[in-house]
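In: the sequence and its predicted three-dimensional model are supplied below.
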Amino acid sequence: MTTLIKRNSTVPAKITETFSTFADNQSGVLVKLFEGEQIMSHGNNLLGKFNLDGDHPQVNVCFDIDDNGILNVSGLEESTGEEITITIDKGRLSQYEIEDMVNEAEKYKAEDDVIKNCVKAKNDLEIYCFSLRSYTTEVEFKARVPEEDKTALIDAIHDAITWLDANHQTAKKEDFEERHKALTGIANPIFSAFYN
């Protein structure tokens with residue numbers, strides 16, 4: 001989840017952000033719009049959502065709040081030129097609900113920070129795994145790295161991804177960091193030899 005317009009921003013406000021797919025071979029980007037103070041989206045108010053499809057989509061999303069507090073969101077998929085615009089003027093939280101949500105967010109800030117750090121460690125490991133796996137498929141890598149090293153690295157990547165699939169909801173930040181460190185310990189010597 002990415003926070004784009006923070007609480008107490010001056011109105012009117014306009015922010016544009018570019019989003020792309022999280023994993024290889026995804027054919028679309030789902031953009032969900034939330035209002036709230038929680039770090040995790042399930043604790044916030046869903047305002048709307050839209051999907052933009054394309055081949056490796058790059059989506060420019062523009063959030064525009066006018067003087068009346070009406071939110072206009074537009075998404076433009078760069079490769080296809082497909083554009084979607086939605087206006088959100090209903091379903092917003094009342095001032096009382098916003099204050100209640102802010103108080104709740106402050107109350108659970110420490111817990112939210114633990115969750116946020118855990119999710120970041122998980123994402124870092126996942127991105128590292130898929131990045132390494134991508135390198136192992138390159139022709140030059142296959143040609144220059146000894147078979148024993150390729151097999152060791154591919155097995156380590158597979159083990160890390162399998163572990164992630166099995167433990168992504170129960171593991172702690174330290175568990176993800178430990179797995180990342182172990183995989184780095186296997187990958188770094190192989191890539192050092194490859195680049196030297």
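Out: Happy to help now that I have it.

In: pretty sure Asp66 is touching Asn72, no?
Out: Yes. Under the criterion of Cβ atoms under 8 Å, Asp66 makes contact with Asn72 at 7.1 Å. From N, CA and C alone the C-beta is placed, and that goes for glycine too.

In: could I get the average pLDDT for stretch 161-171?
Out: Averaged over stretch 161-171, pLDDT sits at 93.

In: contacts for it, please.
Out: For stretch 161-171, contacts defined as Cβ atoms under 8 Å, 6 or more residues apart in numbering pick out 118, 122, 125-126, 129, 133, 175, 179.

In: which one (most neighbours) among those residues?
Out: For those, the largest number of neighbours (other Cβ atoms under 10 Å) sits with Leu125, at 25 neighbours.

In: need the contact list for that residue.
Out: Leu125 neighbours (Cβ under 8 Å, 6+ apart): 160, 164, 176-177, 179-180, 183.

In: which of the helices or strands spans it?
Out: Per DSSP states H and E: Leu125 is located in helix 109-136.

In: thinking again about what came up before, could you dump the contacts of Leu125 to a markdown table with distance to Val11 and secondary structure?
Out: Putting the contacts of Leu125 into a markdown table (distance: Cβ to Cβ, whole Å; DSSP: H, G, I helix; E, B strand; the rest coil) gives the following:
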| residue | distance to Val11 | secondary structure |
| --- | --- | --- |
| Ala160 | 46 | helix |
| Leu164 | 41 | helix |
| Phe176 | 39 | helix |
| Glu177 | 41 | helix |
| Arg179 | 44 | helix |
| His180 | 41 | helix |
| Leu183 | 46 | helix |
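
In: cool, thanks, talk later.
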